[in-house]
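Q: what shape does this take:
(chains A and B)
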2 protein chains.
Amino acid sequence: STMSRSDEVNKMTENVYKGILDQFNPSLKNFVTMGKHYEKALTGVTVAAKGYFDALVKLGELASDSQGSKELGDTLFQMAEVHRQIQVQLEDVLKLFHSELLSQLEQKLELDIKYLTGTLKKYQSERKSKVESIERCQSQLKKLRRKSQASRHPNKYGDREMQYVELMSRRQGELDSLVAVGYRSALTEERRRYCFLVDRQCSVTKILTNYHCKVRELLSQKLSSWQQSCAQPTKLPERALNLLRHTAPLSSGGAGLAEVLRNAKLGISQPAEQVKPVMDATDWLPSNTQK
Amino acid sequence: STMSRSDEVNKMTENVYKGILDQFNPSLKNFVTMGKHYEKALTGVTVAAKGYFDALVKLGELASDSQGSKELGDTLFQMAEVHRQIQVQLEDVLKLFHSELLSQLEQKLELDIKYLTGTLKKYQSERKSKVESIERCQSQLKKLRRKSQASRHPNKYGDREMQYVELMSRRQGELDSLVAVGYRSALTEERRRYCFLVDRQCSVTKILTNYHCKVRELLSQKLSSWQQSCAQPTKLPERALNLLRHTAPLSSGGAGLAEVLRNAKLGISQPAEQVKPVMDATDWLPSNTQK
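A: Sure, this is the predicted structure:
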């Protein structure tokens, strides 16, 4: 009965190793593969983001050439620059995601089959030698008892028999201990692997938390000045009006031009007497001013 | 000279409209296309992230079946759940990115050629009729002066001549004003478009700021409990040791088992007498405990 319980624990130990080799490691390998897909998808985002913000820079350049929208060009440049900085942050995250998680897990996986197979083999051979030692003891004891039964002086064997019983009990205890330690070692090996995975995921979590924090800061830093720059879509800058003053004759008759300039400065739309929109012009106005 | 300055402003006005139609709108169209690529790349991330966190759930299931790592399974489930919530947030961002920016810009672009062409045509025809009115005045004046020079009573035409000079000057003023208003309108049309773009980008910035803020919160919420769950990779839970106690014979000789259990509870590694690692076992330990 004692032997069969020891066998039971031994079986559990072997199952733990088998679980790591046949279940955990392949699942972890799949996890790393999925991580690489994730990494690749995020790399695709940095590429797409570059195209997006290059297009924004192009629009900023056009605005910079305009008399009435120059400062909106500056805003567009700033927006593109902030998002360029965000992409730099994302690229750093990707590098860390690779070095702190994927490559570390891959490295472990590569060595683990050899390590675990070796560990299990070592345990099994040590257990086998203990079992064999007990079996030898048992057969010695049997021999002794046969001799004792056949002898005319059985008392002669009493001490030696007692010694064998004690030795066998000690060896059995050693086997039980070895098997228990083996099981504990197996569970610990397993636990180490899960802890390593969780620890690496915690590291990624910290990296991501840091990233999202920085991005939030970058985005909100200039938002209010960006919002201000587009708050008065019909109010042309002084510069554009000066040009008008310079180019158009102020001396010519009629209150027309003076009024145009005054209204332009105040951001008042001209009555649509001369240029009547075929489409509602406020469609291009910011939605917040429309509401 | 007055006429040529008016022509100059008129040329500038036409160039502003041409700039919007031939430069701004195509660049904006390209920006929308790039935005769609960006959107697609981010959709790819949500798909890849799903695979990644499904793989993490699978590892969590394996851990849940283990005697020594059950609570790490809970941690892995929580991690996967948090990242599922992050992906839901990202999907919301993608929907808003589409509705608040891409589709609004696309809608405007679709109508803008017709609108701007119409606006420019209207302005040009109004300018043309003013110019013609001035030319008619001019030729009337010429005729009058010819008559006056040929007449024996030139004073007879003085009043009418004065009336035509005044009318022509008024018409010239009206033309200057019309051209100035036209230029201002053109610059305003242009500015509205840049403001609309900047405003939509501000809206996207607000959406992204909100997203990154939420993600940061989601990630940091449980981080310390996750870190705690993997802090003791060699300390097996009481449950696993109870099983050992129950399965392995406590009654058997030798201090071995009792010591194993005591050490296991204290998280002390056994001397590597029975299972000597072929690879350094601490490789699977969290890096923070290694340092």
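Q: C-alpha only now, for contacts and for neighbours.
A: Will do.
Q: the most centrally placed residue in chain A and B:L219, how far apart?
A: Geometric centre of chain A, nearest residue: A:V204, 4.4 Å, by C-alpha atoms, centre = their mean. Separation of A:V204 from B:L219 (C-alpha to C-alpha, to the nearest Å) stands at 10 Å.
Q: one more: A:S151?
A: Separation of A:S151 from B:L219 (C-alpha to C-alpha) stands at 80 Å.
Q: same thing with A:F196?
A: 19 Å.
Q: ditto for A:L102
A: Taking C-alpha to C-alpha as the measure, A:L102 falls 19 Å from B:L219.
Q: ok, now A:N155?
A: A:N155 is 77 Å from B:L219, by C-alpha to C-alpha.
Q: who's more crowded, these two?
A: Taking other C-alpha atoms under 10 Å in any protein chain shown, A:N155 and B:L219 do not tie; B:L219 has more neighbours (22 against 11).
Q: quick one: average pLDDT of whichever strand or helix holds A:S125?
A: Using DSSP states H and E, A:S125 sits within helix A:103-150. Mean per-residue pLDDT for helix A:103-150: 92.
Q: cool, and stretch A:10-23?
A: 95.
Q: hmm, back to that, state the helix or strand in which the residue nearest to the centre of chain A lies.
A: Applying DSSP H and E as the criterion places A:V204 in helix A:155-221.
Q: next secondary structure after that helix?
A: As assigned by DSSP H and E, the chain's next helix or strand after helix A:155-221 is helix A:223-229.
Q: domain ranges for chain A?
A: Here the domain parsing of chain A from automatic domain parsing is A:2-133+A:182-229, A:238-284.
Q: A:E161 reaches A:L141, doesn't it?
A: Yes. With contact defined as C-alpha atoms under 8 Å, A:E161 and A:L141 form a contacting pair (6.4 Å).
Q: quick one on the thing from earlier: so which of the domains of chain A is the most surrounded?
A: Highest mean neighbour count of the domains of chain A: domain A:2-133+A:182-229, a mean of 19 (counted as mean count of other C-alpha atoms under 10 Å in any protein chain shown).
Q: off-centre distance for that domain?
A: Distance of domain A:2-133+A:182-229 from the chain centroid (C-alpha atoms, centre = their mean, to the nearest Å) equals 3 Å.
Q: likewise for stretch A:177-189?
A: That offset, for stretch A:177-189, works out to 32 Å (C-alpha atoms, centre = their mean).
Q: and A:H153, backbone torsions?
A: phi -120, psi 70 (degrees, to the nearest 10).
Q: and it, how far from chain B?
A: A:H153 is 31 Å from chain B, where distance means C-alpha to the nearest C-alpha, to the nearest Å.
Q: quick one on the thing from earlier: okay, the angle between the helix holding A:S125 and helix A:155-221?
A: Inter-element angle recorded for helix A:103-150 and helix A:155-221: 170 degrees (by axes from the mean of the first three to the mean of the last three C-alpha atoms, to 10 degrees).
Q: can you redo the domains of chain A as CSV with distance to chain B?
A: Below are the domains of chain A laid out as CSV (distance: least, C-alpha to the nearest C-alpha, whole Å):
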stretch, distance to chain B
domain A:2-133+A:182-229, 5
domain A:238-284, 5
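Q: for the ones you listed, which has the smallest mean pLDDT value?
A: Mean pLDDT values for these show the minimum at domain A:238-284, a mean of 51.
Q: what residues does A:L62 make contact with?
A: By C-alpha atoms under 8 Å, 6 or more residues apart in numbering or on different chains, the contact set of A:L62 is A:73, B:23-24.
Q: so where does it fall, helix or strand?
A: Going by DSSP H and E, A:L62 is part of helix A:25-64.
Q: also A:S66?
A: Judged by DSSP H and E, A:S66 forms part of no helix or strand.
Q: distance of it relative to B:K11?
A: Using C-alpha to C-alpha, A:S66 is found at 15 Å from B:K11.
Q: repeat for A:L76
A: Between A:L76 and B:K11 the computed distance is 27 Å (C-alpha to C-alpha).
Q: how about A:R171?
A: 107 Å.
Q: quick one: residues contacting the closest residue to A:L102 other than its chain neighbours.
A: Using C-alpha to C-alpha, 6 or more residues apart in numbering or on different chains and skipping residues adjacent in sequence, the residue nearest A:L102 is A:V32, 5.8 Å away. The neighbours of A:V32, taking C-alpha under 8 Å, 6+ apart as the test, are A:102, A:105-106.
Q: distance to B:A231 added to those residues, as JSON lines?
A: Shown next, in JSON lines, are those (distance: C-alpha to C-alpha, whole Å):
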{"residue": "A:L102", "distance to B:A231": "20"}
{"residue": "A:L105", "distance to B:A231": "18"}
{"residue": "A:E106", "distance to B:A231": "22"}
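Q: tell me which residues touch A:L218, please.
A: Counting by C-alpha under 8 Å, 6+ apart, A:L218 touches A:82, A:86.
Q: A:L109 now?
A: Going by C-alpha under 8 Å, 6+ apart, A:L109 touches A:25, A:29.
Q: A:I86 sits in which helix or strand?
A: helix A:70-97.
Q: packing partners of that helix?
A: Judged by 3 or more C-alpha pairs under 8 Å, 6 or more residues apart in numbering or on different chains; DSSP states H and E, the packing partners of helix A:70-97 are helix A:25-64, helix A:155-221, helix A:223-229, helix B:155-221.
Q: can I get those helices in JSON lines with distance to B:A49?
A: Formatted as JSON lines, those follow (distance: least, C-alpha to C-alpha, whole Å):
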{"stretch": "helix A:25-64", "distance to B:A49": "6"}
{"stretch": "helix A:155-221", "distance to B:A49": "14"}
{"stretch": "helix A:223-229", "distance to B:A49": "30"}
{"stretch": "helix B:155-221", "distance to B:A49": "14"}
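Q: nearest to A:A240, of those?
A: Distance to A:A240, taken as C-alpha to C-alpha, is lowest for helix B:155-221 among the helices and strands packed on helix A:70-97, at 8.4 Å.
Q: any idea how far that closest one is from the chain center?
A: The chain centre lies 26 Å from the centre of helix B:155-221; the measure is C-alpha atoms, centre = their mean.
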